[in-house]
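S.K.: Below is the structure, and that's it, no one-letter string:
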Ligand SMILES: NC(=O)c1ccc[n+]([C@@H]2O[C@H](COP(=O)([O-])OP(=O)(O)OC[C@H]3O[C@@H](n4cnc5c(N)ncnc54)[C@H](OP(=O)(O)O)[C@@H]3O)[C@@H](O)[C@H]2O)c1
């Protein structure tokens, strides 16, 4: 292995993890020459001469072979990564948002410059899923790839079911233990998992799908009523990122899903991530590991740096396929939708409804709704509504209730609630 000189951007959780994994490796032949950070006043555990706030000091340094980008700002990360490639340097990055938003351009720039970008640490931390898709599954058609792609939400959901906490308590615990950010919205609203799914769509199916075209719903609207429903039906909830191929169409989305106790991913708990894929020939394969954290992600980054030292690059093999497949949101999903007020639910958005429970406190319907309708409808995000994929989805549901009949039941319920509130006054 040749001697590698690294220019590092970012010395936070993952940057320090990379430093430690390099120090602990007894056969890695390389060193970090300079580290670019944002706040020079911060106390660092390494000598001051190693740090700079001047990006060009690293990007223009001819001794530096590889740029490792580990900052928490997607816009600045894009500038660093693009100018590194243009300056003739290969790059390792873990910035899933930046990659998902710019992957097609990044692939074009790699071709143009002859340099490589590797990003194993960006998707499910320590699980080597991208290289597995690229190398092992480079030619086998895949029918499905799904999993638990976000450790913070999996930690919260595990606490909800193991300790019978409510959502706010579980989130507060996760924040205190460092499993969730002070601003957890990217995780709990499903964006983080969506960025990872967007990247995997490229490596699994050869598709470039910008994150804004993928539907995501998080776990932050889960109510105690939803938890009761799950417990009463012997189910748990996991935030699942899923992509399915039907013939030449691929459907993908991020949604909380009820899963049964015998589901293959039920035992993936706390901060662990899992990827499950189904190949045309190999059937199901499962990968489970730590999806985040300083050392697990640092180790994934080190593995990429090492791979660059022997000129490894992603070949994006699935793009060369002869049959053209495309991404589509033209799918029907069976969902459970709960609501605290009758007027919040739009029954017309459903293709059909198979089950309903209406009460003064919390109500729900279970039915089929198209992904297109979910994307268009803003009533879902107005508050008081929660959406969970059923354990059967994406299979077709069978029962059908009359939507017109349900509408008049809801009108009665609304009148009853109004009457009750007038009596209370
Ligand atoms: N944390 C994880 O477990 C994990 C897992 C997978 C992927 N990732 C990804 O890895 C990346 C880094 O995450 P992290 O958790 O290590 O973040 P972090 O702990 O918040 O650290 C961010 C680092 O970036 C530096 N920085 C911010 N803006 C900069 C700029 N414009 N120029 C130079 N340095 C800048 C900060 O400098 P100062 O030290 O001066 O503030 C800090 O050292 C993110 O893209 C994240 O999504 C993280």
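M.R.: Sure, I can see it. Source: prediction; values computed, not measured. Numbering: from 1, shown residues only.
S.K.: Alongside the ligand, which residues does the stretch 51-200 of the chain contribute?
M.R.: Within the stretch 51-200 of the chain, the residues that sit near the ligand (Cβ under 6 Å from any ligand atom) are 70, 71, 72, 73, 76, 94, 95, 96, 121, 122, 125. Every C-beta, even on glycine, is put in place using the N, C-alpha and C of the backbone.
S.K.: Buried only: go through the residues you listed for me.
M.R.: Among those, those classed as buried by 16 or more other Cβ atoms under 10 Å are 70, 71, 76, 94, 95, 96, 121, 122, 125.
S.K.: May I ask which helix or strand encompasses the last one?
M.R.: Which is residue 125. Using DSSP states H and E, residue 125 falls within no helix or strand.
S.K.: Contacts for the helix or strand that residue 296 is a member of, please.
M.R.: Assigned by DSSP H and E, residue 296 falls within helix 294-309. Residues from elsewhere that reach helix 294-309, judged by Cβ atoms under 8 Å, 6 or more residues apart in numbering: 1-2, 4, 6, 13-14, 16-22, 25, 28-30, 65-66, 68, 70, 90, 92, 94, 116, 118-121, 125-126, 128, 131, 289-290.
S.K.: at 7 Å instead, please
M.R.: Outside helix 294-309, the residues within contact range by Cβ atoms under 7 Å, 6 or more residues apart in numbering are 1-2, 4, 6, 13-14, 16-18, 20-22, 25, 28, 30, 66, 68, 70, 90, 92, 94, 116, 118, 120-121, 125-126, 290.
S.K.: now it: mean pLDDT?
M.R.: Across helix 294-309, pLDDT averages out at 96.
S.K.: Quick one: residues contacting the residue in the stretch 1-150 of the chain that the ligand sits nearest to.
M.R.: Nearest residue of the stretch 1-150 of the chain to the ligand (Cβ to the nearest ligand atom) works out as residue 12 at 1.8 Å. Residues near residue 12 by Cβ under 7 Å, 6+ apart: residue 72.
S.K.: Report the separation between it and residue 44.
M.R.: Relative to residue 44, residue 12 is positioned 11 Å away (Cβ to Cβ, to the nearest Å).
S.K.: before we move on, what about residue 38?
M.R.: From residue 38 over to residue 44 (counting by Cβ to Cβ), the distance is 12 Å.
S.K.: so residue 200 sits right up against residue 146, yeah?
M.R.: No - taking contacts as Cβ atoms under 7 Å, residue 200 lies outside contact range of residue 146: 9.5 Å.
S.K.: and those two? which has more neighbours close in?
M.R.: The neighbour count for residue 200 versus residue 146, taken as other Cβ atoms under 10 Å, is higher for residue 200 (27 against 22).
S.K.: Could you look up the SS state of that one?
M.R.: Secondary structure for residue 200, judged by DSSP: H, G, I helix; E, B strand; the rest coil, is helix.
S.K.: Please state the backbone phi and psi of the closest residue to it other than its chain neighbours?
M.R.: In space, and not counting its chain neighbours, residue 200 is closest to residue 145: 5.8 Å by Cβ to Cβ, 6 or more residues apart in numbering. Backbone torsions of residue 145, given as degrees, to the nearest 10, read phi -140, psi 130.
S.K.: returning to what we had before: in JSON lines: the buried ones among the residues of the stretch 51-200 of the chain next to the ligand, plus pLDDT and secondary structure.
M.R.: Below are those laid out as JSON lines (pLDDT from 0 to 100; DSSP: H, G, I helix; E, B strand; the rest coil):
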{"residue": "70", "pLDDT": "98", "secondary structure": "coil"}
{"residue": "71", "pLDDT": "97", "secondary structure": "coil"}
{"residue": "76", "pLDDT": "98", "secondary structure": "helix"}
{"residue": "94", "pLDDT": "97", "secondary structure": "coil"}
{"residue": "95", "pLDDT": "97", "secondary structure": "coil"}
{"residue": "96", "pLDDT": "97", "secondary structure": "helix"}
{"residue": "121", "pLDDT": "97", "secondary structure": "helix"}
{"residue": "122", "pLDDT": "97", "secondary structure": "helix"}
{"residue": "125", "pLDDT": "94", "secondary structure": "coil"}
